[in-house]
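Visitor: sequence first, then the predicted structure, then my questions.
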Amino acid sequence: MKLLAALRFRIATLFQRSQINAEMEEELRSHIQHRADDLALSGVDRGEAERLACIEFGGRERIREECHKALGGNFLDTLLQDVRFSFRMLRKSPSFTAAAVVTLALAIGANAVVFGVLDALILRPLNVPQVENLYGTQYGLDPGFQSYPNYLDLRDRNRSFDGLAAFNFVFVGLDTGKDPSTAMGFAATGNYFDVLRIHPYLGRFFHGSDEHGPNSAPFLVLSYAYWHSRFQDDRGAVGRVVQVSKHPFTIIGVAPPEFRGSLLFISPDFFMPIINQDQVNGENLLNARGTTHGVFEAIGHLKPGVTPEQAVADLNAVGAYLEKTYPKEFGQKSYTLGHAGLTSFDSAVREFVTGLMLLAGLILLAACANLGGLFAARAADRSREVALRLALGSSRKRILRQLLTEAVLISLLGGAAGLLGSVVLLRRLSTWQPFPGAPIHLPVRPDAKIYVVALVLALVSGLLFGIVPVRQVLRANPYEIVKAGLSARVGRRTTLRDVLLVVQIAICAVLVTSSMVAVRGLLRSLHGNFGFEPRNAMLAGANLAMAGYSAATVPAMQERMIHAMETIPGVEGVGLVNDYPPLIYGAGSRVNVFKEETRDLRPSNAAAMPYRYDVSPEYFYAAGTTLLAGRDFSWDDDKNAPPVAVVNREFAGKIFGSVSDTVGRYYKMQDGTRVQVVGVVEDGKYLSLTENQEPAIFLPFLRLPSSQAYLVVRSSRDPQQLAVAMRSKLRELDEGLPVDTSTWYSRLDVVLFPSLVATASLGVLGMMGAILSITGTFGMAAYSVTKRLRELGIRVALGAQRREVLQAALGRALKLLAFGSAAGLLLGMLASRVLAFIVYSATPRDPLVLAGVVLAMSLLGLLATWIPARRALSVDPLIMLREE
Amino acid sequence: MTDQAQLLPGTLDLLILRAVSLGPLHGYGILLRIGQISGNALFIEQGALYPGLFRLVRQGLLKANWGTSENNRRAKFYELTAAGRRRLREETDNCNRLVTAIASALSALPEEV
């Protein structure tokens, strides 16, 4: 009962606030009147009596507050009052409010987006049960590629994993009876779904018990998304037989919607048993131990109680066994473990996200410095108001509370604006497909976690800088300030505000510098020397296995394709390269190469591990690769001719010492074949733009046919027309052959992706830095002009020139700006060294970048001080001095 | 002024209850009554009375009604509730015990220890 009454009372006080206030006011006034009556009776005149009564009564403001407290329900009440008052104060200074809110919104937005990416890539791994101890094995430095027999040994001999599954990529032509198209899937081991502990949405999954030797399990499990888009959610799809690269496969099930494969970036269209991989690839590699194409990654849950370190030791023990047993096929490389989902990109992604977080943190820091400056300036402006309130008997606690309410309001407004922006951006990111046609996406989903992080960040940074003025309030001596008025203390010493501004400008200059370095680097890498000429080169990728060709019929067909391309008008040269050309999809294979005199051909004795490309005659001409010495291949370099090779300059230098000495010499392959070098070509980039110079060998493609190949067509014709002509020529050769055509240049997107993303993020952050430095400098300059308007008026009255007035008004702000920019530029150059790892040929020691940063910062300074300068110049001393 | 004693913390409420127990009073009247019954020996800041009054109303010990004062001014008159009367009795006993105890402690002579 008591509680209820108390509650009713509180609610009543809340709603009858104004009435209670009025009554309280009346009661206090009545008291003073009664006292004045008594005083007047004792002979004091009425006016004096009322004045005395007021003084005797004590600080009315304080008593009112205490009464409110005594009435209870005070917290909410005061809060409401504070919020209302804060809103009024903020409305009264819109420029301060706007600057603070924009600053916070930028910082919070940037951090929320980065957190969203972090959350998607690192905090929230694959969407499968017990993901925390699910690990992927990596083998050597290359992304986990190894052979299927090695995987089997790894699966059966390790003692750390609770089941080890593996998968590989397969690219197939999928024909459901109407419109055949290409699709990408995972070829997975029978235990794949069991190891991942997931259950089918429809039908069933395949299991270990379905595997009965090579090509014995022609089953397909569709991903939910593919079932949805290609089969329109038709439950009858399960049980149907479809043609996969011309081989009949039965659809046995559909995976659940939340399972999109065991890689974060890449969602497969379907899953098929890995033992049927050879069938759709037109190869015979399942039992080849030496290949690196059998398995992409092996994944599994660690057994309870097994640490990752123990598991790595265990895997390496198996590796040592494999090396001892198969010295020719198995080179000792060490195994490592990574969290499933990112595989070998794990560390790169982590570094990238860490870098992003660092930069976003810098933005937040700059924003905080900016806010600190703004709040400090505002507190100084309000010292008179605060002093007045203190003098009228308000408590310091109450004033602080009100200031904090204001800070929190600003941080909430800024945080909400930033969050809104970031959610929009994250939504866009999640539907973004960086490479058309490739099933690669960024799995970001804005959710509650992001909202909480943004809110906390906003509140913390808001409060942090809301309390900047606290010291000022606590120290304030009301009498001094009220007496001295507004123009007191034109500070000459270095204040906290100055330090904050320099820090902020420096951070912004770092960001501007880094973004310029990144943009320059990207531009340069677009025009760099790749060892081939991507301009005017068209690629046509075709997998003959998808159209049902066998190893025996592939070479003849490929030869026909090359000759067909040559008949297109305007075509200057046509070449063919097996698998993928350099710099496409970051794909490439390496082989062990031995010196001619080496007898013991174990992998550890290899003299080099060059990239290997199998190319047709005229490939070098079509690709634009310069032949430095010797000859190109001819159509006679086939299976029956002695083995020959063309090598790059790096290889020549590494194995034979010099280019001139190379042609005609021999080296040995892993299987002992002696290969004669007939030519040397220029160096190039093979896997990524940032790689160190690597050796490479080129072999005649007729010696080792592969159904997957790319045609390289050099022509200065319009790419679109050329592509149409190429496709129609190829269709003439085979109706059912899926071909994808694109310019070589456009396919570089994938290798340029890290640089592009880095440049884009740095560009955005650099822009933010620029905006922040504008608001910061503007705030400082505007404030210093306001503070010194009177002094400026006197200067003008005494005959100061415009230049002198400007110097007096803005000299300090500009000096701080220059100082901060210089510091930031230096720091930025240091930071840019880090950039060189991501962005090819990014160097801060670039006069253009230096000039650009200096120019940008001066422009920003000019922009930010323009309005305050106009104001300082328009000072009219007469009006100014009259006002005081 | 100098010979007025400061109030002990918590005693203002008791004094208010006591003053009001003699008949309904407005705030200024309570102040005068306290002065009268204490022989003007206590110093009370005038405004400080009101938070105490509001607190007592909230605790249900006092009730207040607007009325007209002897000066013909509108004023809020306070009077004791039943709970207020009970509280006054308890607090008076408590205070008496406390005062007696402190007085005897302060007047204790060495031989009595």
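Guide: In hand now; what should we look at? Nothing here was measured: the structure is a model prediction, and the numbers come from that model.

Visitor: what strand or helix carries A:Met68?
Guide: I think there's a mix-up here, since residue A:68 is His and not Met. In the assignment (DSSP states H and E), A:His68 maps to helix A:60-71.

Visitor: ok, A:Glu596 touching A:Gly672?
Guide: No - between A:Glu596 and A:Gly672 no contact is recorded; they are 11.1 Å apart, counting by CB atoms under 8 Å. Quick note: C-beta positions are derived from backbone N, CA and C, even for glycine.

Visitor: residue numbers of the stretch 51-200 of chain A in contact with chain B?
Guide: A:56-60, A:62-63, A:66-67, A:69-72 (CB under 8 Å from any CB of the partner chain).

Visitor: cutoff 7 Å now
Guide: Residues of the stretch 51-200 of chain A lying close to chain B (CB under 7 Å from any CB of the partner chain) are A:56-58, A:60, A:63, A:66-67, A:70-72.

Visitor: quick check: nearest residue in space to A:Leu576, chain neighbours excluded?
Guide: Leaving aside its chain neighbours, A:Leu576 sits nearest to A:Ser616 (4.0 Å; criterion: CB to CB, 6 or more residues apart in numbering or on different chains).

Visitor: before we move on, what about A:Asp447?
Guide: Here the residue nearest A:Asp447, using CB to CB, 6+ apart, is A:Asp119, at 8.0 Å.

Visitor: how much space between that neighbour and chain B?
Guide: To chain B, A:Asp119 is 49 Å away according to CB to the nearest CB, to the nearest Å.

Visitor: pretty sure that residue contacts A:Lys449?
Guide: Yes - with contact defined as CB atoms under 7 Å, A:Asp119 reaches A:Lys449; the gap is 6.1 Å.

Visitor: where do the domain boundaries of chain A fall?
Guide: Split into domains by automatic domain parsing, chain A comes to A:2-78, A:131-340, A:348-526+A:752-883, A:537-748.

Visitor: can you count the residues close to A:Gln19?
Guide: 11 (other CB atoms under 10 Å in any protein chain shown).

Visitor: which helix or strand contains it?
Guide: Taking DSSP H and E as the criterion, A:Gln19 maps to helix A:17-41.

Visitor: does chain B have contacts with that helix?
Guide: Yes - Helix A:17-41 reaches chain B (CB under 7 Å from any CB) through A:27-28, A:30-31, A:33-35, A:37.

Visitor: how about the CA coordinates for stretch A:414-434, as CSV?
Guide: Taking C-alpha atoms only, stretch A:414-434 is exported to CSV below (Å, rounded to 0.1, in the frame of the first residue of the first chain):
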residue,chain,number,x,y,z
GLY,A,414,25.6,12.4,-33.4
GLY,A,415,25.6,8.7,-32.7
ALA,A,416,22.1,8.3,-34.2
ALA,A,417,23.1,10.1,-37.3
GLY,A,418,26.3,8.2,-37.7
LEU,A,419,24.6,4.9,-37.0
LEU,A,420,22.0,5.6,-39.6
GLY,A,421,24.6,6.3,-42.2
SER,A,422,26.6,3.2,-41.3
VAL,A,423,23.6,0.9,-41.5
VAL,A,424,22.8,2.2,-45.0
LEU,A,425,26.4,1.6,-46.0
LEU,A,426,26.6,-1.8,-44.5
ARG,A,427,23.4,-2.8,-46.2
ARG,A,428,24.9,-1.8,-49.5
LEU,A,429,28.1,-3.7,-48.7
SER,A,430,26.3,-6.9,-47.9
THR,A,431,24.6,-6.9,-51.3
TRP,A,432,27.7,-5.8,-53.1
GLN,A,433,29.3,-8.3,-55.5
PRO,A,434,32.8,-7.1,-56.2
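
Visitor: quick check: buried residues in it?
Guide: Neighbour counts over stretch A:414-434 (16 or more other CB atoms under 10 Å in any protein chain shown) mark A:414-419, A:421-423, A:425-426, A:429 as buried.

Visitor: just those residues: which are in helices?
Guide: If you go by DSSP state H, the buried residues of stretch A:414-434 have A:414-419, A:421-423, A:425-426, A:429 in helices.

Visitor: so which of the residues you listed also contact chain B?
Guide: With CB under 7 Å from any CB as the criterion, those include none near chain B.

Visitor: so how many other residues sit close to A:Phe879?
Guide: Just to correct that, residue A:879 is Ile rather than Phe. When counting by other CB under 10 Å, one arrives at 9 neighbours for A:Ile879.
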